[in-house]
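>>> Here's my sequence, what's the structure:
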Amino acid sequence: WQRVISDEAVVSTQSTGEEIKSSYRKLSRHFHPDRHNDANKEAAEANFQKIRRAYEVLIDPQMRIIYDLYGVQGVESGQHLALYDMDRNKIKETFERIQRQKKEKDQEAATNPVSSIAVQVDASGLCYSNRDTYITELFNIPINSFSISQSVDAPLTESNRATVVCTAVNSDDFATGLIQTNMRHTFSPDTWIESGVTFGHGATLTLTGYRKLTKFLWSSFRSQCSRIERDYLQYSAGATLGCDIGESTVIKAEVSLDRTIKGVITKSWEKLRLYLSYQVGLENQVLSIQLIRPIRIKTSADAHIECSAKYDLMEGAHFEYGASKQLTEYSRLAALVRIGQSSGVKLKLLLTRGHHSYRFDIMFSDVIEPVAVLYGTCLPIFVYSALHWLVINPYLNRLRAEEIASKAEELEAQLEKAKDEAREAIHLMRSAYDRNVTVEQCKGGLIIVQAWYGVFGATNKLIDVTIPLQCLVTNSKLMLPEHTKTGLVGFYDVSYGEEKQLAVKYRFRNIMHEVMINDNDALKIPRQSHRISPSASQAGS
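Here you go, the predicted structure:
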């Protein structure tokens, strides 16, 4: 941008603001679109916009420091730093810290680390224990299996990716570990091939490929060779043909070397989902049909309740219900209870944080028992309440306090700037305020007597917003939307991160009213419910 201006006028890094303004005016007159014919107007418009952006950067002292230090890229990625009053060294230190954090996040995203922990617990003893043995059963709940997995997926080149997966499993007193390495080469968005090797309980080589044939059809193949014992190799291979008819219908069929055909057909409607799987072979013939009726109820912006009914020809009827809640920006907690003829009563707890997941499967009963259903329903509520009280709330409060502390200097500068802007806006509103009050007084309309906004109980965190609110009165009515009031003209955020309220005392038809609302609530006045008694009105006046 320095070059954009210096190409037409002499502007150096030591140029003053007046010299930059003079060069900007000269170039603006020269490239203004109105001074060019239709043939050159588009090019002139592009140059005019570029020059205006260059001027905005060079005339701002903070932005100019960023540009002198880091050029165009620095301005694009660090332009928010210009909002704060910092010297050259502070800007450099802050910018480099932000760039280091961004680089660390980019590296982590590029390697895409994913981890999972899964635990299976048998708590059926709790449902059948009596009062004397309950405590003993509670502290002797067996863990049937435990597994932990960690994977890293990293790009090597534009068309090659490498994946490493490490897994450890302990189930029924049998422990094993696996290390799997895969290499994928992408020929095009529609074609890739992947080879892999797994070490653990023997060694296994795999080769997998995928090809999209048409808009709806795709095919894949998989071959596998395993060395289970010293002189024994096992080989298997199969090919799959699939058809994706939009998002609602999927058809897959797989043929393997052991002369087995397996397939899946799924179909989704607005309120019903069909899942059909089949296997036809020399030894086993399996047909499974599931009808699923899901129901999803959104209880808030970050939580929902869902339930579904399933019927399977092989396993019978199943009913599932549960809830999910967003704890933080990257964390979510979910619980699901499954009740079925063949599965009994099971509870699944899942906590996800970014690319990491923690899953707990708890078996309460292998048959349907009311006590087991009670345990499966109440335990997630108890776990969430305990987590919310002991972990989540303290963690969120600590994050909020750290955020406020880290932004204290920046917020102080923003607050002073917002105060000045609000004072200037209120000063400009004075004449409109006087006219509005005169009009409303003549017809006995709505007069804002007094209005305060901020954190009540802290006198230094309240601002007088009587004039801004009166200027918003139209036809003896005032309506504010369901949103924070800090964006209104004459308002500003008096205390970052704290709950704010708006208190209004107003006169309508010579009768006093008053109301107090939370920051994000809607406001509609006048209302009959806001009236105050004459004695309270006289005391208040």
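>>> How about the contacts made by Tyr358?
Ser116, Ile117, Leu350, Leu351, Thr352 (C-beta atoms under 8 Å, 6 or more residues apart in numbering). No exception for glycine: its C-beta is placed from N, CA and C like everyone else's.
>>> Pipe these into JSON lines and attach secondary structure per row.
Listed next are the contacts of Tyr358 as JSON lines, based on DSSP: H, G, I helix; E, B strand; the rest coil:
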{"residue": "Ser116", "secondary structure": "strand"}
{"residue": "Ile117", "secondary structure": "strand"}
{"residue": "Leu350", "secondary structure": "strand"}
{"residue": "Leu351", "secondary structure": "strand"}
{"residue": "Thr352", "secondary structure": "strand"}
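>>> Pass me the low-pLDDT residue ranges in the stretch 101-250 of the chain, would you?
For the stretch 101-250 of the chain, residues meeting the criterion pLDDT under 70 lie at 101, 104-111, 128-139, 228-231, 247.
>>> ranges for the helices of it?
124-128, 134-138 (DSSP state H, counting those that start in this stretch).
>>> what's the answer for the stretch 301-450 of the chain, then?
So, for the stretch 301-450 of the chain - with DSSP H, counting those that start in this stretch - the helices run 370-387, 393-406, 408-442.
>>> how close does the most centrally placed residue in the chain sit to Thr484?
The chain has Glu329 as the residue nearest its centroid, 5.2 Å off, counting by C-alpha atoms, centre = their mean. Separation of Glu329 from Thr484 (C-beta to C-beta, to the nearest Å) stands at 19 Å.
>>> Do me a favour and get the end-to-end distance for stretch 351-369?
End-to-end distance of stretch 351-369 (C-alpha to C-alpha, to the nearest Å): 27 Å.
>>> and it, how far out from the chain's middle?
Computed by C-alpha atoms, centre = their mean, to the nearest Å, the separation of stretch 351-369 from the middle of its chain amounts to 23 Å.
>>> And for stretch 481-488?
23 Å.
>>> ok, back up a step: among the contacts of Tyr358, which one lies nearest to Phe319?
Leu350 (18.8 Å; C-beta to C-beta).
>>> Quick one: the strands in the stretch 201-350 of the chain, in order.
202-212, 217-229, 232-245, 249-256, 261-268, 273-280, 285-300, 303-312, 316-326, 331-340, 344-353 (DSSP state E, counting those that start in this stretch).
>>> So for the longest one, mean pLDDT?
This means strand 285-300. On average, the pLDDT along strand 285-300 is 76.
>>> And the fifth one, by the same measure?
With pLDDT averaged residue by residue, strand 261-268 scores 88.
>>> helices and strands around it, which ones?
strand 249-256, strand 273-280 (3 or more C-beta pairs under 8 Å, 6 or more residues apart in numbering; DSSP states H and E).
>>> can you put the ones you listed in a markdown table and add distance to Asp190 and mean neighbour count?
Below are the helices and strands packed on strand 261-268 laid out as a markdown table (distance: least, C-beta to C-beta, whole Å; neighbours: other C-beta atoms under 10 Å):
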| stretch | distance to Asp190 | mean neighbour count |
| --- | --- | --- |
| strand 249-256 | 17 | 16 |
| strand 273-280 | 26 | 16 |
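>>> Just send the ones you listed back as JSON lines, with distance to Val337 too.
Output for these, formatted as JSON lines (distance: least, C-beta to C-beta, whole Å):
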{"stretch": "strand 249-256", "distance to Val337": "28"}
{"stretch": "strand 273-280", "distance to Val337": "19"}
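>>> so what pLDDT did Ile368 get?
pLDDT, read off for Ile368, is 86.
>>> doesn't Ile339 make contact with it?
Yes: between Ile368 and Ile339 a contact is recorded at 6.0 Å, counting by C-beta atoms under 8 Å.
>>> Report the set of residues contacting both of the two.
Common contacts of Ile368 and Ile339, defined by C-beta under 8 Å, 6+ apart, comprise Val345.
>>> Pick out whichever of the two has more residues nearby.
More crowded of Ile368 and Ile339, by other C-beta atoms under 10 Å: Ile339, with 20 against 14.
>>> And the more buried one, how far from Leu347?
Relative to Leu347, and taking C-beta to C-beta, Ile339 is found at 10 Å.
>>> overlap in contacts of those two?
Residues touching both Ile339 and Leu347 by C-beta under 8 Å, 6+ apart: Gly376.
>>> So what touches stretch 268-282?
For stretch 268-282, the external contacting residues (C-beta under 8 Å, 6+ apart) are 247-249, 258-267, 285-294.
>>> Stretch 474-486 too?
440, 443, 445-446, 448, 453, 469, 472, 488, 491-493, 500, 502, 508, 519-526.
>>> Ends of it, what's the gap?
End-to-end for stretch 474-486, by C-alpha to C-alpha: 21 Å.
>>> in it, what counts as buried?
For stretch 474-486, a neighbour-count test (16 or more other C-beta atoms under 10 Å) marks Ser476, Leu478, Leu480, Lys485 as buried.
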